[in-house]
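**Student:** sequence first, then the predicted structure, then my questions.
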Amino acid sequence: MISVGILLPHDYRLLSVAAILDVLEAANKIYKANGETAPFAIHLYQLAEPDRDTIGLFHGYQVATIPQENPIDLILIPSFSTDDMGQTIARNRAYIPWLHQHFMQGAEIATFCTGAFLLAASGLLNGKVATTHVDACGAFAGAFPEVVLRGDKTVTEDGRLFTSGGSTSSFHLLLHLVQKYCSRDVAVKIAKIFAIDMDRQNQAYFSTFQPSRDHHDNIVAMVQQKIEDNYQEAETIEELIKDIPSSRRNVLRRFKQITGIPPIEYLQQIRIEAAKKLLEQTNHHMGEVIFSSGYNDPKAFRRIFRKIVGMTPTAYREKFQSN
């Protein structure tokens, strides 16, 4: 039997914990229905803190307090519901020695959505491949540059560490773990119970490019505004930054340092985001979509669109068009 430890950290997202419990309980029921021993022994944990009331029972489970010496095979970290991830990680930092201890003892650790921030803060993800919610990738990359972030991925596995992308990607990681610890057959049954598309590997098309403006760098803000105002007709980045009161080298350096990407990639992201809205909200011919989003070369547009979004423009329209 696999001993599973589910954390209940500060600011955890209830939906994330519920999804974890639902899938593991469903796997246990499948085994019990066949007269077999349930594969997962489920335990919930929270920090023992003087300023925090212990939960006691959580949907029928006794919540244990950390630190404990009980052996754990698999630790699951749910996603966080917070507008201040830095503060949330600080509040949960006391979990980190416990994570290190159990990882050193052979435990595997899996995170769901923004739960990857806590694992990354532990340093265990340094040099490892990871993913998180697509819209949190910028903040994650800035906070943890030593992690090999693959924001397009739905699920990652590197050694004994697992991560998943946003929301429904949690189910894909859970299916991956069920298949690992049980069997492909049980994972397929779980997928049917929860109506999950198995083997979805990409989450990039769920992303919305949301560039930060909360950086107080006037030079970078001027470049951002110029790109956003002129993405349809701009031919080169040099054309856009020629009036910026700073050297080209300084502009490019500061821009990448602040936004995490060079200006040319920022321009591509703005253009592709415009194209996505047209594909979602209009019936414009593809040529008009291409031209309106700032491209003259259909082949280049399709190549860049697929690179950023993870699917063709036509497939994106079929999936997301609202009218």
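**Tutor:** On my side now, so go ahead.

**Student:** how near is residue 305 to residue 158?
**Tutor:** Distance of residue 305 to residue 158, given as CB to CB, to the nearest Å: 29 Å. From N, CA and C alone the C-beta is placed, and that goes for glycine too.

**Student:** higher neighbour count, those two?
**Tutor:** Set residue 305 next to residue 158 and count neighbours by other CB atoms under 10 Å: residue 305 wins out with 25 against 15.

**Student:** just give me the neighbour total for the nearest residue to the more buried one once chain neighbours are set aside.
**Tutor:** Sequence neighbours aside, residue 313 is the residue nearest to residue 305 in space, at 5.2 Å (criterion: CB to CB, 6 or more residues apart in numbering). By the measure other CB under 10 Å, the count of residues near residue 313 is 22.

**Student:** low pLDDT regions in the stretch 101-250 of the chain?
**Tutor:** 198-208 (pLDDT under 70).

**Student:** now do 80
**Tutor:** For the stretch 101-250 of the chain, the stretches with pLDDT under 80 are 167-168, 197-214.

**Student:** ok, which stretches of it are strands?
**Tutor:** For the stretch 101-250 of the chain, applying DSSP state E, counting those that start in this stretch gives strands covering 108-111, 129-130, 148-149, 155-158, 161-164.

**Student:** partner strands of the third one and their direction?
**Tutor:** Using DSSP bridges, the strands paired with strand 148-149 are strand 129-130 (parallel).

**Student:** ok so, going back, among the strands of the stretch 101-250 of the chain, which is nearest residue 270?
**Tutor:** strand 148-149 (21.1 Å; CB to CB).

**Student:** can you list contacts of that closest one?
**Tutor:** Outside strand 148-149, the residues within contact range by CB atoms under 8 Å, 6 or more residues apart in numbering are 127, 128, 129, 130, 131, 132, 137, 140, 141, 158.

**Student:** can you do 7 Å?
**Tutor:** With CB atoms under 7 Å, 6 or more residues apart in numbering as the test, strand 148-149 has contacts from 127, 128, 129, 130, 137, 140, 141.

**Student:** centre of the chain to that strand, how far?
**Tutor:** Taking CA atoms, centre = their mean, to the nearest Å, one finds strand 148-149 lying 11 Å from the centre of the chain it belongs to.

**Student:** now do stretch 137-153
**Tutor:** 9 Å.

**Student:** quick one: end-to-end distance for that stretch.
**Tutor:** Stretch 137-153 stretches 11 Å from its first residue to its last (CA to CA, to the nearest Å).

**Student:** which positions in that stretch come out as buried?
**Tutor:** 137, 138, 139, 140, 144, 147, 149, 150, 151, 152, 153 (16 or more other CB atoms under 10 Å).
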